[in-house]
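Enquirer: Sequence and computational prediction follow.
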Amino acid sequence: MSAEIIDGKALAETIRARVADEAKKLGLKPGLAAVLVGDNPASQVYVRNKVKQTEEAGLLSFEHRLPDATPEADLLKLVEKLNADPSVHGILVQLPLPDHIDPDLVIRAIDPMKDVDGFHPLNVGRLGIGQDSLVPCTPQGCILLAKTVHTSLEGLDAVVLGRSNIVGKPVAQLLIQESATVTVAHSKTRDLDEVCARADLLVAAVGRAELVKRHWIKPGATVIDVGINRVAGSVPGKTKLVGDVAFADCSEVAGAITPVPGGVGPMTIACLLANTLKAACWAAGKPAPRF
Ligand code: NAD
(Lines give C-alpha, C1' and ligand atoms only; values in the text may rest on other atoms or scores of the structure.)
Protein backbone atom coordinates (compact mmCIF):
# COMPACT_ATOMS: atom_id res chain seq x y z
CA MET A 1 0.00 0.00 0.00
CA SER A 2 1.22 3.48 -0.70
CA ALA A 3 -0.06 6.25 1.53
CA GLU A 4 -1.83 9.39 0.39
CA ILE A 5 0.59 12.25 0.88
CA ILE A 6 -1.14 15.04 2.78
CA ASP A 7 -0.14 18.32 1.15
CA GLY A 8 0.40 20.88 3.93
CA LYS A 9 1.69 23.48 1.50
CA ALA A 10 -1.52 23.43 -0.52
CA LEU A 11 -3.77 23.50 2.56
CA ALA A 12 -1.74 26.35 4.08
CA GLU A 13 -2.14 28.31 0.85
CA THR A 14 -5.92 27.79 0.91
CA ILE A 15 -6.07 29.01 4.52
CA ARG A 16 -3.94 32.08 3.79
CA ALA A 17 -6.16 32.95 0.80
CA ARG A 18 -9.26 32.62 2.99
CA VAL A 19 -7.67 34.81 5.69
CA ALA A 20 -6.94 37.44 3.01
CA ASP A 21 -10.52 37.25 1.78
CA GLU A 22 -12.11 37.48 5.24
CA ALA A 23 -9.75 40.29 6.26
CA LYS A 24 -10.95 42.37 3.28
CA LYS A 25 -14.55 41.97 4.43
CA LEU A 26 -13.78 42.93 8.02
CA GLY A 27 -13.49 46.66 7.48
CA LEU A 28 -10.26 46.93 9.45
CA LYS A 29 -6.80 45.60 8.73
CA PRO A 30 -5.75 42.87 11.17
CA GLY A 31 -2.30 43.72 12.52
CA LEU A 32 0.34 41.25 13.70
CA ALA A 33 3.34 42.37 15.74
CA ALA A 34 6.34 40.04 15.77
CA VAL A 35 9.00 40.61 18.42
CA LEU A 36 12.41 39.06 17.96
CA VAL A 37 15.10 39.39 20.62
CA GLY A 38 18.66 38.47 19.67
CA ASP A 39 20.03 36.90 16.52
CA ASN A 40 19.10 33.21 16.67
CA PRO A 41 19.42 32.29 12.95
CA ALA A 42 16.42 29.89 12.91
CA SER A 43 14.23 32.52 14.60
CA GLN A 44 15.39 35.16 12.08
CA VAL A 45 14.29 32.97 9.16
CA TYR A 46 11.02 32.11 10.87
CA VAL A 47 10.15 35.74 11.64
CA ARG A 48 11.11 36.80 8.11
CA ASN A 49 8.69 34.20 6.69
CA LYS A 50 5.96 35.32 9.08
CA VAL A 51 6.35 38.96 8.07
CA LYS A 52 6.32 38.07 4.35
CA GLN A 53 3.22 35.88 4.58
CA THR A 54 1.43 38.39 6.82
CA GLU A 55 1.94 41.12 4.24
CA GLU A 56 1.01 38.83 1.34
CA ALA A 57 -2.30 38.08 3.07
CA GLY A 58 -2.99 41.83 3.21
CA LEU A 59 -2.54 42.05 6.98
CA LEU A 60 -0.50 44.75 8.70
CA SER A 61 2.86 43.55 9.93
CA PHE A 62 4.86 45.24 12.69
CA GLU A 63 8.35 43.94 13.27
CA HIS A 64 10.34 44.66 16.43
CA ARG A 65 13.93 43.46 16.41
CA LEU A 66 15.71 43.95 19.72
CA PRO A 67 19.35 43.28 20.58
CA ASP A 68 20.31 40.15 22.53
CA ALA A 69 21.19 42.22 25.62
CA THR A 70 17.73 43.83 25.86
CA PRO A 71 16.74 43.96 29.55
CA GLU A 72 13.65 41.95 30.48
CA ALA A 73 11.95 45.14 31.72
CA ASP A 74 12.34 46.77 28.26
CA LEU A 75 10.77 43.78 26.55
CA LEU A 76 7.87 43.85 29.03
CA LYS A 77 7.42 47.57 28.32
CA LEU A 78 7.23 46.88 24.59
CA VAL A 79 4.64 44.14 25.17
CA GLU A 80 2.61 46.59 27.27
CA LYS A 81 2.79 49.15 24.45
CA LEU A 82 1.63 46.57 21.89
CA ASN A 83 -1.19 45.47 24.22
CA ALA A 84 -2.45 49.07 24.22
CA ASP A 85 -2.02 49.67 20.47
CA PRO A 86 -5.41 49.33 18.71
CA SER A 87 -3.77 48.64 15.33
CA VAL A 88 -2.10 45.53 16.77
CA HIS A 89 -4.48 42.56 17.07
CA GLY A 90 -1.94 39.79 17.44
CA ILE A 91 1.36 39.74 19.34
CA LEU A 92 3.96 37.06 19.05
CA VAL A 93 7.22 37.05 20.92
CA GLN A 94 9.53 34.64 19.14
CA LEU A 95 10.93 31.88 21.39
CA PRO A 96 13.52 30.99 22.53
CA LEU A 97 14.39 34.20 24.35
CA PRO A 98 17.91 34.93 25.64
CA ASP A 99 18.69 33.23 28.96
CA HIS A 100 18.32 36.40 31.07
CA ILE A 101 14.65 36.78 30.08
CA ASP A 102 11.94 34.64 31.69
CA PRO A 103 9.70 33.45 28.82
CA ASP A 104 6.80 32.66 31.18
CA LEU A 105 6.80 36.21 32.50
CA VAL A 106 6.75 37.62 28.97
CA ILE A 107 3.98 35.27 27.80
CA ARG A 108 1.88 36.20 30.83
CA ALA A 109 2.35 39.89 30.01
CA ILE A 110 0.70 39.51 26.58
CA ASP A 111 -3.00 40.45 26.46
CA PRO A 112 -4.72 37.01 26.17
CA MET A 113 -7.01 38.46 23.48
CA LYS A 114 -3.91 39.22 21.37
CA ASP A 115 -2.00 36.06 22.26
CA VAL A 116 -1.95 34.58 18.73
CA ASP A 117 0.54 31.85 19.73
CA GLY A 118 -2.01 30.62 22.28
CA PHE A 119 0.64 30.18 24.99
CA HIS A 120 -0.90 32.47 27.69
CA PRO A 121 -2.15 30.41 30.68
CA LEU A 122 -5.64 31.83 30.15
CA ASN A 123 -5.78 30.48 26.60
CA VAL A 124 -4.21 27.20 27.70
CA GLY A 125 -6.94 26.91 30.36
CA ARG A 126 -9.72 27.86 27.95
CA LEU A 127 -8.55 25.21 25.51
CA GLY A 128 -8.53 22.66 28.36
CA ILE A 129 -12.16 23.37 29.27
CA GLY A 130 -13.32 23.60 25.67
CA GLN A 131 -13.99 27.35 25.55
CA ASP A 132 -13.34 29.43 22.46
CA SER A 133 -9.73 30.62 22.64
CA LEU A 134 -6.62 31.39 20.65
CA VAL A 135 -5.26 27.89 20.01
CA PRO A 136 -1.53 27.22 19.45
CA CYS A 137 -0.81 27.28 15.72
CA THR A 138 1.09 24.03 15.05
CA PRO A 139 -1.47 21.87 16.94
CA GLN A 140 -4.29 23.62 15.08
CA GLY A 141 -2.48 22.81 11.84
CA CYS A 142 -2.24 19.12 12.80
CA ILE A 143 -6.00 18.89 13.30
CA LEU A 144 -6.77 20.66 10.01
CA LEU A 145 -4.41 18.27 8.19
CA ALA A 146 -6.04 15.22 9.81
CA LYS A 147 -9.43 16.55 8.76
CA THR A 148 -8.42 16.53 5.11
CA VAL A 149 -8.42 12.73 5.47
CA HIS A 150 -11.24 12.18 7.99
CA THR A 151 -14.35 14.35 7.81
CA SER A 152 -14.78 13.57 11.51
CA LEU A 153 -12.18 12.45 14.05
CA GLU A 154 -14.92 11.19 16.38
CA GLY A 155 -14.20 7.79 17.90
CA LEU A 156 -10.78 7.43 16.30
CA ASP A 157 -8.01 5.93 18.43
CA ALA A 158 -5.51 8.78 18.41
CA VAL A 159 -2.00 8.59 19.81
CA VAL A 160 -0.01 11.76 20.40
CA LEU A 161 3.68 11.06 20.70
CA GLY A 162 5.20 13.89 22.78
CA ARG A 163 3.80 15.94 25.66
CA SER A 164 5.33 19.38 25.22
CA ASN A 165 3.30 22.46 26.14
CA ILE A 166 3.55 23.86 22.64
CA VAL A 167 2.68 20.77 20.59
CA GLY A 168 1.86 17.46 22.31
CA LYS A 169 -0.47 18.67 25.07
CA PRO A 170 -2.54 21.10 22.95
CA VAL A 171 -2.84 18.52 20.14
CA ALA A 172 -4.20 16.06 22.73
CA GLN A 173 -6.69 18.68 24.02
CA LEU A 174 -7.90 19.43 20.50
CA LEU A 175 -8.31 15.72 19.74
CA ILE A 176 -10.38 15.28 22.92
CA GLN A 177 -12.60 18.14 21.72
CA GLU A 178 -12.95 16.31 18.40
CA SER A 179 -14.20 13.26 20.37
CA ALA A 180 -11.22 11.05 19.51
CA THR A 181 -10.01 8.53 22.11
CA VAL A 182 -6.66 10.00 23.01
CA THR A 183 -3.47 8.42 24.36
CA VAL A 184 -0.49 10.65 25.07
CA ALA A 185 2.82 8.78 24.82
CA HIS A 186 6.22 10.18 25.77
CA SER A 187 9.79 9.35 26.71
CA LYS A 188 8.68 7.29 29.74
CA THR A 189 5.97 5.33 27.93
CA ARG A 190 6.47 1.56 27.93
CA ASP A 191 6.16 -0.44 24.69
CA LEU A 192 5.99 2.73 22.63
CA ASP A 193 5.86 0.84 19.34
CA GLU A 194 2.83 -1.18 20.46
CA VAL A 195 1.06 1.91 21.79
CA CYS A 196 1.59 3.72 18.49
CA ALA A 197 0.52 0.68 16.47
CA ARG A 198 -2.98 0.97 18.01
CA ALA A 199 -3.48 4.42 16.50
CA ASP A 200 -5.91 5.20 13.71
CA LEU A 201 -4.37 8.66 13.93
CA LEU A 202 -0.78 9.14 15.04
CA VAL A 203 0.66 12.59 15.70
CA ALA A 204 4.42 12.47 16.24
CA ALA A 205 6.00 15.47 17.98
CA VAL A 206 9.19 14.30 19.68
CA GLY A 207 12.08 15.90 17.82
CA ARG A 208 13.86 12.55 17.26
CA ALA A 209 14.83 11.92 13.64
CA GLU A 210 12.87 9.00 12.15
CA LEU A 211 12.08 7.48 15.55
CA VAL A 212 8.76 6.07 14.33
CA LYS A 213 9.36 2.90 12.33
CA ARG A 214 7.21 0.96 9.90
CA HIS A 215 6.01 -1.59 12.49
CA TRP A 216 4.78 1.27 14.75
CA ILE A 217 2.12 2.11 12.17
CA LYS A 218 -1.29 0.45 12.03
CA PRO A 219 -2.04 -0.40 8.39
CA GLY A 220 -4.13 2.38 6.89
CA ALA A 221 -3.49 4.84 9.75
CA THR A 222 -3.20 8.59 9.28
CA VAL A 223 0.20 9.89 10.34
CA ILE A 224 0.89 13.55 11.12
CA ASP A 225 4.61 14.20 11.50
CA VAL A 226 5.41 17.41 13.39
CA GLY A 227 9.14 16.74 13.81
CA ILE A 228 11.74 18.89 12.13
CA ASN A 229 15.19 17.36 12.47
CA ARG A 230 18.30 18.34 10.55
CA VAL A 231 20.49 15.35 9.73
CA ALA A 232 23.46 14.63 7.46
CA GLY A 233 22.41 14.36 3.82
CA SER A 234 23.61 11.85 1.21
CA VAL A 235 26.03 14.43 -0.25
CA PRO A 236 29.02 14.88 2.13
CA GLY A 237 28.87 18.20 3.99
CA LYS A 238 25.18 18.71 3.13
CA THR A 239 22.28 18.36 5.55
CA LYS A 240 18.59 17.63 5.04
CA LEU A 241 15.40 17.88 7.05
CA VAL A 242 13.59 14.76 8.22
CA GLY A 243 10.61 14.24 10.49
CA ASP A 244 10.06 12.07 13.54
CA VAL A 245 8.67 9.36 11.25
CA ALA A 246 10.72 7.17 8.90
CA PHE A 247 8.77 8.47 5.93
CA ALA A 248 9.73 6.08 3.11
CA ASP A 249 9.04 2.93 5.16
CA CYS A 250 5.99 4.18 7.02
CA SER A 251 4.30 5.53 3.89
CA GLU A 252 4.13 1.92 2.64
CA VAL A 253 1.92 1.02 5.62
CA ALA A 254 0.01 4.22 6.47
CA GLY A 255 -3.18 5.27 4.70
CA ALA A 256 -2.18 8.94 4.69
CA ILE A 257 0.94 10.73 5.88
CA THR A 258 2.40 14.24 6.01
CA PRO A 259 5.84 14.77 4.47
CA VAL A 260 8.69 16.74 6.03
CA PRO A 261 9.14 19.36 4.74
CA GLY A 262 5.81 20.35 3.25
CA GLY A 263 3.41 18.88 5.82
CA VAL A 264 2.85 20.46 9.24
CA GLY A 265 5.53 23.16 8.79
CA PRO A 266 3.64 25.48 6.40
CA MET A 267 0.46 25.15 8.48
CA THR A 268 1.96 26.92 11.48
CA ILE A 269 2.16 30.37 9.88
CA ALA A 270 -1.18 29.89 8.09
CA CYS A 271 -2.81 29.21 11.49
CA LEU A 272 -1.00 32.19 12.99
CA LEU A 273 -2.63 34.41 10.37
CA ALA A 274 -6.00 32.76 11.06
CA ASN A 275 -5.51 33.52 14.78
CA THR A 276 -4.66 37.15 13.99
CA LEU A 277 -7.84 37.43 11.93
CA LYS A 278 -9.78 35.91 14.85
CA ALA A 279 -8.30 38.41 17.31
CA ALA A 280 -9.14 41.27 14.91
CA CYS A 281 -12.73 40.00 14.60
CA TRP A 282 -13.00 39.97 18.40
CA ALA A 283 -11.67 43.54 18.53
CA ALA A 284 -14.26 44.56 15.92
CA GLY A 285 -17.04 42.78 17.84
CA LYS A 286 -17.71 40.48 14.86
CA PRO A 287 -17.92 36.68 14.73
CA ALA A 288 -14.66 35.04 13.68
CA PRO A 289 -14.72 32.64 10.72
CA ARG A 290 -13.98 28.98 11.47
CA PHE A 291 -11.22 27.16 9.64
P1 NAD B 1 10.02 19.08 23.03
O2 NAD B 1 11.45 18.68 23.06
O3 NAD B 1 9.56 20.22 23.85
O4 NAD B 1 9.16 17.81 23.46
C5 NAD B 1 9.44 16.54 22.97
C6 NAD B 1 8.51 15.52 23.60
O7 NAD B 1 8.84 14.26 23.04
C8 NAD B 1 8.64 15.40 25.10
O9 NAD B 1 7.35 15.38 25.65
C10 NAD B 1 9.33 14.05 25.35
O11 NAD B 1 8.78 13.34 26.45
C12 NAD B 1 9.02 13.28 24.08
N13 NAD B 1 10.12 12.42 23.69
C14 NAD B 1 11.42 12.77 23.49
N15 NAD B 1 12.13 11.70 23.13
C16 NAD B 1 11.30 10.65 23.09
C17 NAD B 1 11.46 9.28 22.79
N18 NAD B 1 12.62 8.76 22.44
N19 NAD B 1 10.36 8.51 22.85
C20 NAD B 1 9.16 9.02 23.19
N21 NAD B 1 8.96 10.30 23.48
C22 NAD B 1 10.00 11.11 23.44
O23 NAD B 1 9.68 19.27 21.48
P24 NAD B 1 8.49 20.08 20.78
O25 NAD B 1 8.68 21.52 20.95
O26 NAD B 1 7.18 19.47 21.14
O27 NAD B 1 8.80 19.74 19.24
C28 NAD B 1 8.78 18.42 18.77
C29 NAD B 1 9.24 18.43 17.33
O30 NAD B 1 8.33 19.19 16.55
C31 NAD B 1 10.61 19.05 17.10
O32 NAD B 1 11.26 18.36 16.04
C33 NAD B 1 10.28 20.45 16.65
O34 NAD B 1 11.28 21.01 15.82
C35 NAD B 1 9.02 20.21 15.87
N36 NAD B 1 8.14 21.39 15.78
C37 NAD B 1 7.69 21.73 14.55
C38 NAD B 1 6.86 22.81 14.41
C39 NAD B 1 6.35 23.17 13.06
O40 NAD B 1 6.28 22.36 12.18
N41 NAD B 1 5.99 24.35 12.80
C42 NAD B 1 6.49 23.56 15.53
C43 NAD B 1 6.93 23.16 16.78
C44 NAD B 1 7.77 22.05 16.90
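Expert: Received it, and whenever you're ready, just let me know what you need.

Enquirer: pLDDT on stretch 43-62, on average?
Expert: For stretch 43-62, mean pLDDT is 94.

Enquirer: Check stretch 4-15 too.
Expert: 98.

Enquirer: how many neighbours does the closest residue to the ligand within the stretch 1-150 of the chain have?
Expert: In the stretch 1-150 of the chain, the residue that lies nearest the ligand is T138 (4.0 Å; C-beta to the nearest ligand atom). For glycine as for every other residue, the C-beta is placed from the backbone atoms N, C-alpha and C. With neighbours defined by other C-beta atoms under 10 Å, the count for T138 comes to 22.

Enquirer: Now it. Nearest residue, chain neighbours left out?
Expert: Residue nearest to T138 in three dimensions, not counting chain neighbours: T268, with 4.8 Å by C-beta to C-beta, 6 or more residues apart in numbering.

Enquirer: residues in contact with L145?
Expert: Taking C-beta atoms under 8 Å, 6 or more residues apart in numbering as the definition of contact, the neighbours of L145 are I6, G8, L11, I224, T258, G263, V264, M267.

Enquirer: so which of the residues you listed are also by the ligand?
Expert: Among the contacts of L145, the residues that sit close to the ligand (C-beta under 6 Å from any ligand atom) are V264.

Enquirer: Assumed the residue nearest to T138 was part of a helix.
Expert: Yes - the assignment for T268 by DSSP: H, G, I helix; E, B strand; the rest coil puts it in a helix.

Enquirer: Burial check on it, number of neighbours?
Expert: Residues near T268, counting by other C-beta under 10 Å, number 22.

Enquirer: And the one 10 residues further on, by the same measure?
Expert: For K278, the tally of surrounding residues (other C-beta under 10 Å) stands at 26.

Enquirer: Okay, buried residues for whichever strand or helix holds it please.
Expert: Take DSSP states H and E as the rule and K278 turns out to sit in helix 265-284. Using 16 or more other C-beta atoms under 10 Å as the test for burial, helix 265-284 gives 265-283.

Enquirer: now swap in stretch 246-256 and tell me
Expert: Judged by neighbour count using 16+ other C-beta under 10 Å, the buried positions of stretch 246-256 are A246, F247, D249, C250, S251, V253, A254, G255, A256.
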